[in-house]
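1. task: produce atomic coordinates for the following.
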Amino acid sequence: MNKTAILMLQDGTTFFGKSIGIHGIKTGEIVFNTSMTGYQEILTDPSYKNQIITFTYPHIGNVGTNSDDEESSLIHAKGLIIREISQMSSNYRSQKTLLQYLLEKKILTITNIDTRKLTRKIREQGSQKGCIICLKKKITFKNYEEILKYKKENFLEKKKKTKEYIYQWKEKYSNSFIEDKKKIELINKKKNHIVVYNFGIKKNMLRMLKRRNCKITIVPKNTNYKDILKLSPNGIFLSNGHGDPRKNIKSINSIKKLLKYNIPMFGICLGHQILALANNAKIIKMKFGHHGANHPVQDVITKKIYITSQNHNFVIDKKSLPKKILITHISLFDQTIQGIKILQKPMFSFQGHPESHPGPHDIYFLFNKFIKKINKYQ
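-> Below is the predicted model of the structure:
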């Protein structure tokens with residue numbers, strides 16, 4: 001079943017490994033994730049769209065896969081790079097092995113790669129695009145550009161068109177998530193209506209809002225602010241998502257208009273960056289981003305430290321920060337901005353993923369903070 005496969009980076013660096021399933025050519029920006037667990041949640045995170053994920057943990061797949069741990073119905077990543085895949089799974093929740101899951105989802109995967117060497121290269125030289133090649137016949141490529149040309153001529157990718165519309169989220173959620181129910185019950189005084197800007201949301205963010213007695217309406221990312229106001233929201237949630245936040249011009253302009261209505265607003269990851277852009281801050285691309293479930297973040301006021309999940313390639317530029325934006329959290333890895341609040345507005349955001357899944361639960365309380373703001377400003 002195993003076939004020879006090649007990983008070539010944009011600068012020509014080449015790795016030889018094995019494919020564990022489908023054949024083809026996939027290109028995308030390579031990012032490394034340092035999480036030791038939660039590979040299924042990471043694979044189905046929409047934030048990884050158009051990227052190729054490499055796991056730094058050497059052995060992936062030991063607990064299998066199941067339907068509860070999917071953060072969306074698709075694997076949005078272009079491909080997967082791992083050192084070694086487990087041939088069996090051992091967990092009472094497992095429904096399929098990771099190998100079966102990847103074959104079913106038709107994800108191009110290369111194994112037997114020196115992921116430590118690859119990660120070190122990205123850390124030292126910065127992010128770059130790469131290409132996974134697994135073909136039925138042996139073909140030699142001189143450089144990355146030659147691969148792109150061959151891919152264009154032989155592997156026509158059809159763009160998937162998805163209809164975007166406004167809808168209420170009523171999906172049932174698993175009760176397997178650990179939270180302090182007493183703390184949640186204290187703030188669930190009434191059923192709040194949350195309008196969610198969907199930039200590529202993870203299911204667990206919606207679960208967290210649902211557990212807090214919220215009625216959830218999901219709207220496409222380019223929804224006009226007038227249509228948001230017609231929904232009469234008690235709060236507005238800006239979700240995570242993929243790509244460069246600066247390209248979401250329509251969304252940014254709508255949120256700028258919504259600022260004057262003082263509706264409580266909470267942004268996560270890309271939503272955090274878009275809230276900053278709507279308040280005239282600037283965004284810059286990082287050298288290789290933050291991707292993992294072990295990132296220490298500090299509250300700048302209390303000095304308390306939280307271990308968080310992260311998944312982003314862009315960050316707010318400290319040099320561009322207007323006076324109306326206050327920094328609330330910073331990364332202890334590189335001092336980048338992790339949290340902000342808008343002065344004299346019931347609005348705040350966080351760069352990491354407080355809903356975790358995968359990752360530690362240290363910063364779940366931000367969802368409680370959001371509901372408390374809504375209750376106060378009503």
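2. which of the residues in stretch 86-102 are buried?
-> When burial is assessed from 16 or more other CB atoms under 10 Å, stretch 86-102 yields the following buried residues: 86, 89, 97, 98, 99, 101, 102. Placement of C-beta: from N, CA and C, glycine included.
3. residue contacts, residue 301?
-> residue 328 (CB atoms under 8 Å, 6 or more residues apart in numbering).
4. report the buried residues of stretch 254-273.
-> So, applying 16+ other CB under 10 Å, buried residues of stretch 254-273: 254-255, 258-259, 263-273.
5. now do stretch 290-306
-> 290, 291, 292, 293, 295, 297, 298, 306.
6. kindly report the same for stretch 111-129.
-> Applying 16+ other CB under 10 Å to stretch 111-129 flags 111, 112, 113, 115, 118, 119, 121, 122, 127, 129 as buried.
7. filter the residues you listed down to the ones in helices?
-> Residues of the buried residues of stretch 111-129 located in helices (DSSP state H): 115, 118, 119, 121, 122.
8. per-residue pLDDT of the last one, please?
-> At residue 122 the predicted local distance difference test score is 97.
9. isn't it right up against residue 30?
-> Yes: under the criterion of CB atoms under 8 Å, residue 122 makes contact with residue 30 at 6.5 Å.
10. which residues are in contact with both of these two?
-> What both residue 122 and residue 30 touch, as defined by CB under 8 Å, 6+ apart, is the set residue 128.
11. in what helix or strand does residue 131 lie?
-> strand 129-134 (DSSP states H and E).
12. and the helix or strand following that strand with strand 129-134, angle?
-> Sequence-wise, the next helix or strand downstream of strand 129-134 (DSSP H and E) is helix 144-154. Helix 144-154 and strand 129-134 are oriented at 60 degrees to each other (axes from the mean of the first three to the mean of the last three CA atoms, to 10 degrees).
13. elements contacting helix 144-154?
-> Judged by 3 or more CB pairs under 8 Å, 6 or more residues apart in numbering; DSSP states H and E, helix 144-154 is in contact with strand 3-9, strand 24-33, strand 129-134.
14. so can I have CSV of those strands showing mean pLDDT and distance to residue 224?
-> As requested, the helices and strands packed on helix 144-154 are exported to CSV (pLDDT from 0 to 100; distance: least, CB to CB, whole Å):
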stretch, mean pLDDT, distance to residue 224
strand 3-9, 92, 41
strand 24-33, 96, 31
strand 129-134, 95, 34
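15. dump the ones you listed to a markdown table, plus distance to residue 236.
-> Compiled in a markdown table, the helices and strands packed on helix 144-154 are given as follows (distance: least, CB to CB, whole Å):
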| stretch | distance to residue 236 |
| --- | --- |
| strand 3-9 | 40 |
| strand 24-33 | 29 |
| strand 129-134 | 34 |
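16. name the stretch among the ones you listed that sits most buried.
-> strand 129-134 (a mean of 24; mean count of other CB atoms under 10 Å).
17. okay, the angle between it and strand 24-33?
-> 130 degrees.
18. residue 315 and residue 230, how far apart?
-> Per CB to CB, to the nearest Å, residue 315 is found 34 Å from residue 230.
19. neighbour-wise, which of these two wins?
-> Between residue 315 and residue 230, residue 315 has the larger neighbour count (other CB atoms under 10 Å), namely 21 against 10.
20. quick check: phi and psi at the nearest residue to residue 362 once chain neighbours are set aside.
-> In space, and not counting its chain neighbours, residue 362 is closest to residue 306: 4.0 Å by CB to CB, 6 or more residues apart in numbering. In terms of degrees, to the nearest 10, the main-chain angles of residue 306 are phi -120, psi 140.
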